[in-house]
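Asks: could you look at this predicted model? Sequence included:
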Amino acid sequence: MFSGPPADPAAPTGPGLPAVAVPASTGDVPCAVEITGGACGPQAGRSWTAPLLLCAAGALALLVALLGPGLVARGTGELRIPGAGLTTVLRTVLFAALALHLGELLAPQLVRPVRGRPLTAVRSWAVYASLAGAAAAAGQIVRLAAVSDLGITETYGTREGGLLLLIANGLVLAAFCAASRRPALALAPLALVIGAEALRAHPEAYSPEFGAALTVVHLTAASLWTGGLLYVLRTMWLWRDSPVAARALLGRYARLAIWLYVALAATGTASTLRRLPLDVVFTSAYGRTLLVKLALMAVVSVLAVAARRRMLRDADPSVAHRLARREQVVLGLVVVVSAILTVVPDPHWISLRP
């Protein structure tokens, strides 16, 4: 995956037709391609694999977001949340935007100390991610106005509407910072966005400040883990002809990911004990969704440990890279399930029900 054989200068050509060899620097298996023909060899088939898998993963995530809230609430007797599927999709986009942007602010700090690294860098997605997140926040404002039968201006005056407006403006400002010569300035508006989202997620009467503080740490750690891993994987693919540097980069990320995992586990446990009564773990939409998230996190943990072991054992990081890619896919599903958790009803009312 990280290196390919050199181009064969003696590749055969058709009669009277020149051949074009694919440069070895692309990392693809070179083959002679006639001007009148297309790609040849197994690489032609593999070229469609990644886009197809990406489309399939996106379709699966969309289905989970749209149908998940209704499925986990089936048979619980809880109140139906209007537009729960659409809200889940919008919050998934928002969480993904935070992860992408924060990951791009974190991962370059891991890249710079790598010795012998190539000078090439991946293209930034921060501007597009933040603008998409701002659009998702604006979409939630429109949905809230429609559900509440309020005008847009009146919706801004509500607690949730005002916080969503703050989130949208913060992400627009973060996009401007990312497009400037000092992209690190985006940390301030992104911190504001995380704080506003944490407050929005905790309207309950019981210790909302403590819940919001836990969410700030949890959302920050989750965004750095998911977004940082994506940036590292993109960089490793770009450095596939420099396996030593790629392996060193993955190792630096793995050491940081341990601490992010600890923060996620601690805050996630505290949030669960605070918000989920034990008697409704299996009979509430929140409890069922949390069980799905825990199962996915167990898969993520196994893949992360396996990738770290292969990285320590093998000089070639290709196997560890493949395992980390699978970890990234499962983390994407975790983001969707986390969005569902913010949509389903608070489980306390069903626990206290006579």
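Replies: Ah, there it is.

Asks: who's in contact with the helix or strand that contains Ile350?
Replies: Ile350 belongs to helix 348-351 when assigned by DSSP states H and E. By Cβ atoms under 8 Å, 6 or more residues apart in numbering, the residues outside helix 348-351 that reach it are Thr76, Gly77, Glu78, Glu204, Tyr206, Arg275, Pro277, Asp279, Val280, Thr283, Ser284. Placement of C-beta: from N, CA and C, glycine included.

Asks: if you set the cut-off to 7 Å instead, what comes out?
Replies: Applying Cβ atoms under 7 Å, 6 or more residues apart in numbering, the external contacts of helix 348-351 come out as Thr76, Gly77, Glu78, Pro277, Asp279, Val280, Thr283, Ser284.

Asks: could I get these in CSV, plus columns for neighbour count and pLDDT?
Replies: Output for these, formatted as CSV (neighbours: other Cβ atoms under 10 Å; pLDDT from 0 to 100):
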residue, neighbour count, pLDDT
Thr76, 19, 83
Gly77, 9, 81
Glu78, 21, 82
Pro277, 15, 88
Asp279, 13, 86
Val280, 21, 89
Thr283, 15, 90
Ser284, 26, 91
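
Asks: what's Leu273 in contact with, if anything?
Replies: Leu273 neighbours (Cβ under 7 Å, 6+ apart): none.

Asks: can you pull out the helices in the stretch 101-250 of the chain?
Replies: Listed in chain order, the helices of the stretch 101-250 of the chain (DSSP state H, counting those that start in this stretch) span 126-148, 152-156, 159-179, 187-200, 208-238, 243-275.

Asks: nearest to Val93, of those?
Replies: Among the helices of the stretch 101-250 of the chain, the nearest to Val93 by Cβ to Cβ is helix 126-148 (3.9 Å).

Asks: ok so, going back, which stretch among the helices of the stretch 101-250 of the chain comes nearest Arg313?
Replies: helix 243-275 (11.0 Å).

Asks: make a markdown table out of the helices of the stretch 101-250 of the chain and add distance to Leu67 and mean pLDDT.
Replies: Converted to a markdown table, the helices of the stretch 101-250 of the chain look like this (distance: least, Cβ to Cβ, whole Å; pLDDT from 0 to 100):
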| stretch | distance to Leu67 | mean pLDDT |
| --- | --- | --- |
| helix 126-148 | 17 | 95 |
| helix 152-156 | 27 | 92 |
| helix 159-179 | 24 | 96 |
| helix 187-200 | 24 | 96 |
| helix 208-238 | 23 | 94 |
| helix 243-275 | 24 | 92 |
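
Asks: how about JSON lines for these, with distance to His101 added?
Replies: Shown next, in JSON lines, are the helices of the stretch 101-250 of the chain (distance: least, Cβ to Cβ, whole Å):
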{"stretch": "helix 126-148", "distance to His101": "5"}
{"stretch": "helix 152-156", "distance to His101": "24"}
{"stretch": "helix 159-179", "distance to His101": "6"}
{"stretch": "helix 187-200", "distance to His101": "6"}
{"stretch": "helix 208-238", "distance to His101": "7"}
{"stretch": "helix 243-275", "distance to His101": "16"}
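
Asks: so which of those is nearest Pro108?
Replies: Closest approach to Pro108 among the helices of the stretch 101-250 of the chain is made by helix 208-238 (7.8 Å; Cβ to Cβ).

Asks: buried ones in the closest one, by neighbour count?
Replies: 211-236, 238 (16 or more other Cβ atoms under 10 Å).

Asks: hmm, back to that, so which of the helices of the stretch 101-250 of the chain comes closest to Val343?
Replies: Nearest of the helices of the stretch 101-250 of the chain (Cβ to Cβ): helix 126-148, 10.7 Å.

Asks: what helices or strands is the closest one leaning on?
Replies: helix 84-111, helix 152-156, helix 159-179 (3 or more Cβ pairs under 7 Å, 6 or more residues apart in numbering; DSSP states H and E).

Asks: ok, the closest residue to Gly133 other than its chain neighbours - contacts?
Replies: Closest residue in space to Gly133, ignoring its immediate chain neighbours: Ala97 at 2.8 Å, by Cβ to Cβ, 6 or more residues apart in numbering. Residues in contact with Ala97 (Cβ under 7 Å, 6+ apart) are Ala129, Ser130, Ala132, Gly133, Leu171.

Asks: I'd like those as CSV, with distance to Val305 and neighbour count appended.
Replies: Below are the contacts of Ala97 laid out as CSV (distance: Cβ to Cβ, whole Å; neighbours: other Cβ atoms under 10 Å):
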residue, distance to Val305, neighbour count
Ala129, 29, 25
Ser130, 32, 28
Ala132, 32, 18
Gly133, 31, 30
Leu171, 34, 29
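
Asks: got JSON lines for those residues, with distance to Ser338 too?
Replies: Formatted as JSON lines, the contacts of Ala97 follow (distance: Cβ to Cβ, whole Å):
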{"residue": "Ala129", "distance to Ser338": "17"}
{"residue": "Ser130", "distance to Ser338": "19"}
{"residue": "Ala132", "distance to Ser338": "17"}
{"residue": "Gly133", "distance to Ser338": "15"}
{"residue": "Leu171", "distance to Ser338": "18"}
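
Asks: list just the nearest of those residues to Pro317.
Replies: Ala129 (26.3 Å).

Asks: any idea how far Leu100 is from that closest one?
Replies: Distance, Ala129 to Leu100, by Cβ to Cβ, to the nearest Å: 4 Å.
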